[in-house]
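K.L.:
From the sequence below, what's the structure:
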Amino acid sequence: MGADLIGWRENRHPRGQSGSGPIKRGLGMALHTWGGGPFKGNCLVKVHPDGAVEAYLGSQDLGTGTRTVIATVIAETFGLPVSAVKVNIGSSAYPEANPSGGSITVGSVSETSRRASQESLDKIFELAAQKLQVEADTLEAREGRIQVKGDAKKSLTWQQACRLLGMNALEVTGKFDPATVKNSPLSSSQVGGVQMAEVAVDRRTGVVKMKKFVAVQDMGLVINPKTARSQMYGAVIMGIAYALFEERIMDAKTGAFLNAELSDYKLPRLGDVGEIVVEPWQPESEYKRGVVGLGEPPVISPGAAISNAVCNALGVRVPVLPLTPKRVLDAIKKGGKA
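P.N.:
Now for the predicted structure:
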């Protein structure tokens, strides 16, 4: 998939054989793998008699859409729109949940929120079954209704079903610990991806210009395609940044961090990243694996892919990141003609 998206077969050439002229083009690739398994945690789901739904868990949203994932899982379980679920996170007063690190968040919150909402729904099914005079296992939650499977005429609205709870809210805590729950059908671990970079390198100045970057990634069951793709785009931009621009400069004698100010720290702008193409790999086998974390995996390969592309363009290896103009020129000088 990556080769097709970047035109590998048409544009690839042997190392250093990129034609005449000072601008050399090259292709490079790299691949990666990552764990991404879930962490233990808890999620409290409250279903109020008026049909309102709330979730409480001591996780946090770093800007990657954790709230959206939690709301999506619960809403889909209850057959409700995402807007119908209020997610409460970011407080140690809520049930203990996962930290954010190691790409564990999405699997963790999906496990606990799904378990809590599924158990809550089973209790609502029991009440609705008595009202409808059917067996609880014949019911489903669909489009804001609790109905007999495949028969919307024999149903209750979500609000009608929740009124059967009486005066008090239904409260259920979903718990998950991978140490005690083996081979969960809701989550898994181990993802992989391949990334390919196309660059243009100016032999006169040493400047590396990104032309195109392709990232193909598996990630198990995708809960929210929009935020998953956004995560991949962000990872690629971060990777381009550390491959070409970001550098921590330390004083060799004192250990002082010399460029700690943002004014001294080079980050890529729109014109620095080139064309970025991201593509989740989503065969049926991925969905059967359950949820797997995506946070860090796509940020592993860009440095290697870009370095390989520069090497393909010039015929010499620039051995240290970031690939600054000086390092590129030094590598050309040391390696002789490319």
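K.L.:
In the helix or strand where Lys154 lies, which residues are buried?
P.N.:
Using DSSP states H and E, Lys154 falls within strand 151-157. Within strand 151-157, the residues that count as buried by 16 or more other C-beta atoms under 10 Å are 155-156. For the C-beta atoms, the positions are set from N, CA and C on the backbone; glycine is no exception.
K.L.:
Stretch 185-204 now?
P.N.:
By 16+ other C-beta under 10 Å, the buried positions in stretch 185-204 come out as 186-189, 191, 193-203.
K.L.:
List the contacts of Ala128.
P.N.:
136, 139, 146, 156, 161, 164 (C-beta atoms under 8 Å, 6 or more residues apart in numbering).
K.L.:
Just name the closest of the buried residues of stretch 185-204 to Gly101, please.
P.N.:
Comparing those against Gly101 with C-beta to C-beta places Ser189 closest, at 14.5 Å.
K.L.:
Please enumerate the helices of the stretch 1-150 of the chain.
P.N.:
Assigned helices in the stretch 1-150 of the chain, in chain order: 2-6, 8-11, 66-78, 105-132 (criterion: DSSP state H, counting those that start in this stretch).
K.L.:
For the spatially most central residue of the chain, what are phi and psi?
P.N.:
Among the residues of the chain, the one closest to the centroid is Leu294, at 3.3 Å (C-alpha atoms, centre = their mean). Per-residue torsions, Leu294: phi -120, psi 0 (degrees, to the nearest 10).
K.L.:
and it, what pLDDT?
P.N.:
Leu294 carries a pLDDT value of 93.
K.L.:
That one and Thr66 touch, don't they?
P.N.:
No. Assessed by C-beta atoms under 8 Å, Leu294 is found out of contact with Thr66, at 11.9 Å.
K.L.:
what's the overlap in contacts for the two?
P.N.:
In contact with both Leu294 and Thr66: Val106, using C-beta under 8 Å, 6+ apart.
K.L.:
got a list of what Leu31 touches?
P.N.:
With contacts defined as C-beta under 8 Å, 6+ apart, Leu31 is in contact with 192-195, 301.
K.L.:
what about it, distance to Pro280?
P.N.:
Distance of Leu31 to Pro280, computed by C-beta to C-beta, to the nearest Å: 16 Å.
K.L.:
Quick one: end-to-end length of stretch 261-273, please.
P.N.:
23 Å (C-alpha to C-alpha, to the nearest Å).
K.L.:
quick one on the thing from earlier: among the helices of the stretch 1-150 of the chain, which is nearest Val45?
P.N.:
So among those, helix 105-132 is nearest, using C-beta to C-beta, at 4.0 Å.
K.L.:
what pLDDT, on average, does that closest one get?
P.N.:
Mean pLDDT, helix 105-132: 97.
K.L.:
and it, how far out from the chain's middle?
P.N.:
25 Å (C-alpha atoms, centre = their mean, to the nearest Å).
K.L.:
before we move on, the earlier item: among the buried residues of stretch 185-204, which are in strands?
P.N.:
191, 193-202 (DSSP state E).
K.L.:
so can I have TSV of the helices of the stretch 1-150 of the chain showing distance to Arg229?
P.N.:
Shown next, in TSV, are the helices of the stretch 1-150 of the chain (distance: least, C-beta to C-beta, whole Å):
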stretch	distance to Arg229
helix 2-6	14
helix 8-11	22
helix 66-78	13
helix 105-132	14
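K.L.:
Pro95 is nearest to which of the ones you listed?
P.N.:
helix 105-132 (8.3 Å).
K.L.:
For the closest one, list every residue counted as buried.
P.N.:
Using 16+ other C-beta under 10 Å as the test for burial, helix 105-132 gives 105-118, 120-121, 124-125, 127-129, 132.
K.L.:
before we move on, the earlier item: tell me, how many residues neighbour the closest residue to the residue nearest to the centre of the chain other than its chain neighbours?
P.N.:
Nearest residue to Leu294, sequence neighbours excluded (C-beta to C-beta, 6 or more residues apart in numbering): Met219, at 4.6 Å. Counted with other C-beta atoms under 10 Å, residues neighbouring Met219 total 27.
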